[in-house]
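A.B. asks: sequence first, then the predicted structure, then my questions.
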Amino acid sequence: DATGICNGRDIDYYKSLSAKTGVHIVACTGFVGGDTALPHFARASVDYLARHFIHEITVGIGGNGAKGGVIKVGVSRGGRMTELDKRIYRAAARAAVATGVPVLTHLAIDARPAENIFNEEGLPLDRVLFGHVDDGVNADSTPDTWIIEQGGRLGFDTFGYETELPDPPFWARPRKDRMDHFLRFVQGGHAGKVLASADANCSPLGWPGVKGHTVNYIFEVLIPDLRTNGVDEDTIKKIFIDNPADFLTIRN
């Protein structure tokens, strides 16, 4: 679950849901973007932020003993990294190097300064998933091929937000366009570098999105679509089981 600090994390709910279903839920520390950070964090230094992330990974989030297993970072509104975003990215890189957990980005449209920060802090790009490379607003300006060439991973994670819907969100995209984009990497020799999801976010809380859109979309629509487009079962397993397991593994 990629809900960041100040963005509505409910660790007690994660624990309850995991206990009831047997599903291992990986919680995150970090921020969806600098513009979601409350003033206490927005004024903080890189060192303070890194120590806070490390604490949530190694000691716990809150008081129930649950620990973060991935660090969320993101580009603020406007499409370019702010100075606060850059501090958060740098703190996340330091925490990732110190703890061995990976980093997940919100948007990938400003990937070059992010890549510079990760390189300066010694974080291999294989430990970074650049998210939302397929959304309908930013896909054309996201340097997806460049990210792959640098060693990063691509998150095609807005499946289900389609312009064909009766009331699509502003980041929707034609279903075939997104699938063609995804298949270009899956069938082009990069199946080991992509992850896929449905970005089933806070719609139940009244956030913009698609009513009733859940992770079930992956199983009910996306995987059958991939089979229809000629993707074999070994590749489907790689995308939905092997790649996430490899990415989320803590590497000390």
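C.D. replies: Sure thing, it's come through. This is a predicted model, so every value here is computed, not measured.
A.B. asks: next, V73: phi, psi?
C.D. replies: Note on V73: its backbone torsions stand at phi -140, psi 160 [degrees, to the nearest 10].
A.B. asks: could you check how far it is from V59?
C.D. replies: For V73, the distance to V59 (CB to CB, to the nearest Å) stands at 20 Å. Quick note: C-beta positions are derived from backbone N, CA and C, even for glycine.
A.B. asks: neighbour-wise, which of the two wins?
C.D. replies: Neighbours around V73 and V59, counted as other CB atoms under 10 Å, are more numerous at V73. The numbers are 32 against 10.
A.B. asks: how about V128, nearest residue that isn't a chain neighbour?
C.D. replies: Spatial nearest neighbour of V128, excluding adjacent residues (CB to CB, 6 or more residues apart in numbering): V103 at 4.8 Å.
A.B. asks: how near is the one you found to R87?
C.D. replies: The spacing between V103 and R87, counted by CB to CB, is 14 Å.
A.B. asks: now D35
C.D. replies: For D35, the distance to R87 equals 13 Å [CB to CB].
A.B. asks: and S197, by the same measure?
C.D. replies: Distance, S197 to R87, using CB to CB: 27 Å.
A.B. asks: look at the two and report which has more neighbours.
C.D. replies: Between S197 and R87, R87 has the larger neighbour count (other CB under 10 Å), namely 23 against 20.
A.B. asks: I'd say that one and R43 touch.
C.D. replies: No. The criterion here is CB atoms under 8 Å, and R87 misses it with R43 at 10.1 Å.
A.B. asks: which residues in the stretch 51-200 of the chain form strands?
C.D. replies: Secondary structure of the stretch 51-200 of the chain (DSSP state E, counting those that start in this stretch): strands at 68-74, 103-106, 128-130, 153-156, 194-196.
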